[in-house]
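*Asks:* Quick one: sequence plus predicted model below, questions after.
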4 protein chains.
Amino acid sequence: MSHTNDHRQDALIKRLNRIEGQIKGIKKMVLDEKETAEIMIQLNASRAALQKISQILLEAQADHSLMHVNEGKDLEKEMSTLRRVITQYNKLN
Amino acid sequence: MSHTNDHRQDALIKRLNRIEGQIKGIKKMVLDEKETAEIMIQLNASRAALQKISQILLEAQADHSLMHVNEGKDLEKEMSTLRRVITQYNKLN
Amino acid sequence: MSHTNDHRQDALIKRLNRIEGQIKGIKKMVLDEKETAEIMIQLNASRAALQKISQILLEAQADHSLMHVNEGKDLEKEMSTLRRVITQYNKLN
Amino acid sequence: MSHTNDHRQDALIKRLNRIEGQIKGIKKMVLDEKETAEIMIQLNASRAALQKISQILLEAQADHSLMHVNEGKDLEKEMSTLRRVITQYNKLN
């Protein structure tokens, strides 16, 4: 794997660790019987953080597919890979 | 403009006409004082229809950008165009 | 129907008219072959406007249900009406 | 705290534990360099699970507020509490 990829992987793992910490924080809020509106703010923050990761992945896939085609790789294959990622990206929204 | 584009444009206009009809229908439901839950079902249908159009546009942009690069067009320019569309696609979600 | 309701109905119809105008504007953008990212910004604006209406309806239903129970109306019935609206509200999100 | 509340708290903690497990699973997928579309499916699953918790909290708050008003508690206070929760619920969507 390239250094660029190592770097991106690290960044994603850091984001996911932060989300894990947020979930633990929400559990504590539930056990401490915090107000519903307060808990929801934290649930929204975690959802937004997960969506941000999806956006990063979609952008990375778009860049990769374009670079691959630029390097002469199979157009059809790159189209179908990127389509599959777009379809998943769209699923929950 | 190519025949393919004409066809896609027609399909988008048809979808938008359908949404316009849905909005008129929702106005009638509001005036007829229909139940809130019923009105919401129609509001959701229109939102889903608008999102479907955004998905179609994103997929078309991805295909175009890949084809352009495949035809030897500027990689950086296509990357930035596709990025801009992905960023907008993501905005509301 | 009460004057309050008349007022709320008017406000909803105005919002829906505005959305109808936005959809017409998007059709024009498609026909004028505007950039995808620009069209998406307008699609998002219409989706956000539709969601705002759903939020207004949910808040109005919540207020109504609480007022009805306060006036001695059937608790179970109000619970189930409000639940149904919450379920719909949630559907697309 | 009532037995009912204990039960609901347990159910929420179980859901949050499951999401924590999902996040750990996504980290493993990133480290194992799984395909982007596959990772996105799991990100969506976690986001949907978080949203389900928000829906459960909103429904519970709606029920509580209606019951409180039915028991003679302050209407204005319950309205504003429920409004606050609806506003938060809506934020990310």
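*Replies:* Everything's here; your move.
*Asks:* which bits of chain A sit near chain B?
*Replies:* Proximity of chain A to chain B is assessed by C-beta under 8 Å from any C-beta of the partner chain, with A:51, A:55, A:58-59, A:62-63, A:65-67, A:69-70, A:75, A:78-79, A:82-83, A:86, A:90, A:93 identified as the residues in range. For every residue, glycine as well, the C-beta is placed using N, CA and C.
*Asks:* Show me where chain A has its helices.
*Replies:* Counting by DSSP state H, chain A has helices at residues A:3-31, A:36-70, A:75-91.
*Asks:* give the contact list for A:Asn90.
*Replies:* For A:Asn90, the contact set (C-beta atoms under 8 Å, 6 or more residues apart in numbering or on different chains) comprises B:Gln51, B:Gln55, B:Leu58.
*Asks:* From those, pick the one nearest D:Lys14.
*Replies:* Set against D:Lys14, the nearest of those by C-beta to C-beta is B:Gln51 (31.9 Å).
*Asks:* What's the per-residue pLDDT of that closest one here?
*Replies:* With respect to pLDDT, B:Gln51 scores 92.
*Asks:* ok so, going back, filter the contacts of A:Asn90 down to the buried ones.
*Replies:* With burial judged by 16 or more other C-beta atoms under 10 Å in any protein chain shown, the buried subset of these is B:Gln51, B:Leu58.
*Asks:* For A:Arg84, which non-adjacent residue is spatially closest?
*Replies:* Spatial nearest neighbour of A:Arg84, chain neighbours left out: D:Ala37 (4.5 Å); criterion: C-beta to C-beta, 6 or more residues apart in numbering or on different chains.
*Asks:* Next, count neighbours for the one you found.
*Replies:* Other residues within reach of D:Ala37, judged by other C-beta atoms under 10 Å in any protein chain shown, total 19.
*Asks:* on that earlier part again, buried members of the residues of chain A next to chain B into ChimeraX, please.
*Replies:* ChimeraX command restricting the residues of chain A next to chain B to the buried ones, with burial defined by 16+ other C-beta under 10 Å:
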select /A:51,58,59,62,65,66,69,70,75,78,79,82,83,86,90,93
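*Asks:* Now stretch A:83-93: average pLDDT?
*Replies:* 82.
*Asks:* Sorry, wrong one. I was asking about stretch A:65-78.
*Replies:* Mean predicted lDDT for stretch A:65-78 stands at 96.
*Asks:* What is the distance between it and the centre of its chain?
*Replies:* When distances are taken as C-alpha atoms, centre = their mean, to the nearest Å, stretch A:65-78 is centred 23 Å away from the chain's centroid.
*Asks:* which residues touch it?
*Replies:* The set of residues that contact stretch A:65-78 without belonging to it, under C-beta under 8 Å, 6+ apart, is A:79, A:81-82, B:62, B:65-67, B:69-70, B:75, B:78-79, B:82.
*Asks:* give me phi/psi at A:Lys34?
*Replies:* Main-chain dihedrals, A:Lys34, degrees, to the nearest 10: phi -70, psi 160.
*Asks:* Enumerate every residue touching the nearest residue to A:Leu58 once chain neighbours are set aside.
*Replies:* Taking C-beta to C-beta, 6+ apart as the measure, A:Leu58 lies nearest to A:Tyr89, with 4.9 Å between them; neighbours along the chain are not counted. Neighbour list for A:Tyr89: A:Ser54, A:Gln55, A:Leu57, A:Leu58, D:Met40 [criterion: C-beta under 8 Å, 6+ apart].
*Asks:* Thanks a lot, catch you later.
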